[in-house]
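Chemist: sequence first, then the predicted structure:
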Amino acid sequence: KAGVTQTPRYLIKTRGQQVTLSCSPISGHRSVSWYQQTPGQGLQFLFEYFSETQRNKGNFPGRFSGRQFSNSRSEMNVSTLELGDSALYLCASSLPAPNTGELFFGEGSRLTVL
Amino acid sequence: AQTVTQSQPEMSVQEAETVTLSCTYDTSESDYYLFWYKQPPSRQMILVIRQEAYKQQNATENRFSVNFQKAAKSFSLKISDSQLGDAAMYFCAYRRNDNAGNMLTFGGGTRLMVKP
């Protein structure tokens, strides 16, 4: 069974640009969550999508957005990039509740903003 | 809001020895999950062990075990017979056990070094 797949793995952008990251969950998983990982702030929850609807949202500005498609694949978008957006962006998928509680993570997309 | 605290930014252990990583959390919920995740240098986060709050018995997975103290809101991870492959960042995480979603709250992480 294929794991959570994130693309691209690495990307470099400049300030003011926008970026779109993609996440394909494990087959059968309908919940997709996104996390930002930085050395200073650690792992922070961005948002969660379930059945194409945003179910939860973390404390991030509106420049961060996401969506989920009918096949459960998800994308997140960051507009007007800032230097502080440089981070590892992790996607995680899980079975619908009730479930074992476990999230399965992808390898992440490393974004560098210059 | 829930918070998770890992007070040890770095830990070191000799190969084949035992090490314990600490985690405390704060919540007003009574039903929740606690997890330890491992993130090796390759970056993919993998689940090490899971504990359901309503279960009094401490979870065990091979060389990994937890000491879950619900009243003290403490959830430590013990790694026995440490191996070089155990070197990684370890994150303690909390999740409510309801149908509201799958949001995890993470601690700041502990970097574990294993000396040969």
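Modeler: Yep, it's here. Numbering: from 1, shown residues only, chains lettered A, B, ... in the order given.
Chemist: pLDDT below threshold where in the chain?
Modeler: Assuming you mean chain A. A:1, A:97-98 (pLDDT under 70).
Chemist: not quite, I wanted chain B
Modeler: Residues of chain B that meet the cut-off, pLDDT under 70, do not exist.
Chemist: tell me the centre residue of it?
Modeler: B:Trp36 (2.9 Å; Cα atoms, centre = their mean).
Chemist: hang on, A:Asn77 packs against A:Gly62?
Modeler: No. Contact criterion Cβ atoms under 8 Å: A:Asn77 and A:Gly62 do not qualify, at 10.9 Å. To be clear about C-beta, it is placed using only N, CA and C from the backbone, and glycine gets the same treatment.
Chemist: picking up where we left off before, who's the residue nearest to the centre of chain B bridged to?
Modeler: B:Ile49, B:Cys92 (DSSP bridges).
Chemist: can you name the residues that contact A:Gln36?
Modeler: A:Gln36 sits next to A:43-44, A:46, A:60, A:87-90 when contact means Cβ atoms under 8 Å, 6 or more residues apart in numbering or on different chains.
Chemist: try 6 Å
Modeler: Residues counted as contacts of A:Gln36 (Cβ atoms under 6 Å, 6 or more residues apart in numbering or on different chains) are A:44, A:46, A:87, A:89.
Chemist: and what of A:Asn56?
Modeler: So A:Asn56 contacts A:48, B:101, B:103 (Cβ under 6 Å, 6+ apart).
Chemist: need these in a markdown table with neighbour count, secondary structure and distance to B:Tyr90, can you?
Modeler: Converted to a markdown table, these look like this (neighbours: other Cβ atoms under 10 Å in any protein chain shown; DSSP: H, G, I helix; E, B strand; the rest coil; distance: Cβ to Cβ, whole Å):
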| residue | neighbour count | secondary structure | distance to B:Tyr90 |
| --- | --- | --- | --- |
| A:Glu48 | 27 | strand | 23 |
| B:Gly101 | 20 | coil | 24 |
| B:Met103 | 21 | coil | 20 |
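Chemist: out of those, which comes closest to A:Asn99?
Modeler: A:Asn99 has its nearest neighbour among the contacts of A:Asn56 in B:Gly101, at 11.2 Å by Cβ to Cβ.
Chemist: got the phi and psi for that closest one?
Modeler: When read as degrees, to the nearest 10, the backbone of B:Gly101 gives phi 140, psi -180.
Chemist: up against chain B, what does chain A have?
Modeler: Residues of chain A lying close to chain B (Cβ under 6 Å from any Cβ of the partner chain) are A:31, A:33, A:42-43, A:45, A:48, A:55-56, A:94, A:97, A:101-102, A:105, A:107-108.
Chemist: nearest spatial neighbour of the most centrally placed residue in chain A, chain-adjacent residues omitted?
Modeler: The residue lying closest to the centre of chain A (Cα atoms, centre = their mean) is A:Trp34, at 3.1 Å. Residue nearest to A:Trp34 in three dimensions, not counting chain neighbours: A:Leu46, with 4.1 Å by Cβ to Cβ, 6 or more residues apart in numbering or on different chains.
Chemist: what do you get for B:Ala72?
Modeler: B:Thr24 (7.8 Å).
Chemist: A:Leu43 too?
Modeler: A:Leu43's closest residue in space is B:Phe106 (Cβ to Cβ, 6+ apart), at 4.0 Å.
Chemist: surely that neighbour meets B:Ala93?
Modeler: Yes. B:Phe106 is within contact range of B:Ala93, at 4.9 Å (criterion: Cβ atoms under 6 Å).
Chemist: more neighbours: those two, which one.
Modeler: B:Ala93 (23 against 20; other Cβ atoms under 10 Å in any protein chain shown).
Chemist: fine by me, we can end here.
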